[in-house]
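K.L.:
What shape does this take:
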Amino acid sequence: MKFQDCPKQDPYFRLFYPDTGGIGQIVFSSHGLWLPHKDGMISVKYTYYWYVQPNVPLTGQEYANWVGKMGTVSPVDIIGPSSGMVANTALYPLEQKTFGFTVQKFRETYDKVNPGGMSLIAFHGNKSVGMLTLSLLDTQLLPMFVYPVDRPVHMVVCRSLHMENNNVRPRVSNHVVVLRKPETTFSSITNDML
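P.N.:
Predicted coordinates for the structure are as follows:
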């Protein structure tokens, strides 16, 4: 399995993809947090397969069980263009230990046999990119890969609804630069929380 840091200068995610055949389906991995009064609702172009319900942590063991089944079994939640307005979840980087475990399990599963062309986007962030939003993923990151809208995006993401979740440790810069500046900021996160 090959990987590529993106973008090449000061990368904020790593793409793992099959040695042959290119990207068939995308698995996206990060932490997630939704603050309704800050992030609001959006409509999406892509269909997202979520593997945990909102506010339920995704354990390493659950991820290890799910990763080989993605694309062949029904997820626990599906949102897509026909869903109307959905939560514009903020997506936070994986810390080093979680990033390593996620990648290891993904590669163990798909390194040798990968007929569906499963590829992993593991969001690790950088000093400039402390978060993405679902709207940025939907309107900029996936189109950047020319990912067809008729293919699902497999979300290995918890969807916390509160800051107390120990799995979410947000680090938000004053100038979040992803492909464009997010439309909302996380002004409720104080310096004491960082």
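
K.L.:
any weak-confidence spans in the chain?
P.N.:
162-194 (pLDDT under 70).

K.L.:
can you pull out the strands in this protein?
P.N.:
Under the criterion DSSP state E, the chain contains strands at 2-6, 13-17, 25-33, 41-42, 47-50, 77-79, 86-87, 90-92, 118-123, 132-133, 152-157.

K.L.:
any chance of these in a markdown table, with distance to Val146 too?
P.N.:
From N, CA and C alone the C-beta is placed, and that goes for glycine too. Converted to a markdown table, those look like this (distance: least, Cβ to Cβ, whole Å):
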| stretch | distance to Val146 |
| --- | --- |
| strand 2-6 | 14 |
| strand 13-17 | 13 |
| strand 25-33 | 12 |
| strand 41-42 | 21 |
| strand 47-50 | 17 |
| strand 77-79 | 22 |
| strand 86-87 | 23 |
| strand 90-92 | 21 |
| strand 118-123 | 13 |
| strand 132-133 | 19 |
| strand 152-157 | 14 |
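
K.L.:
Please report the distance of the residue lying closest to Leu15 once chain neighbours are set aside from Pro93.
P.N.:
Ranked by Cβ to Cβ, 6 or more residues apart in numbering and with sequence neighbours excluded, the top spatial neighbour of Leu15 is Gln4, at 4.9 Å. Separation of Gln4 from Pro93 (Cβ to Cβ, to the nearest Å): 17 Å.

K.L.:
For these two, indicate the residue with more neighbours.
P.N.:
Shown here are Gln4 and Pro93; by other Cβ atoms under 10 Å, Pro93 has more neighbours (23 against 12).

K.L.:
in this structure, which spans are helices?
P.N.:
Along the chain, counting by DSSP state H, helices occupy 36-39, 60-67, 96-110, 134-136, 142-144.

K.L.:
Out of the ones you listed, flag the one nearest Asn126.
P.N.:
When those are compared by Cβ to Cβ, helix 96-110 sits nearest Asn126, at 12.7 Å.

K.L.:
May I see the buried residues of that closest one?
P.N.:
For helix 96-110, a neighbour-count test (16 or more other Cβ atoms under 10 Å) marks Thr98, Phe99, Thr102, Val103, Lys105, Phe106, Thr109, Tyr110 as buried.

K.L.:
Hmm, the second one is touching Leu120, no?
P.N.:
No - checked against Cβ atoms under 8 Å, the pair Phe99 and Leu120 is beyond contact range at 10.6 Å.
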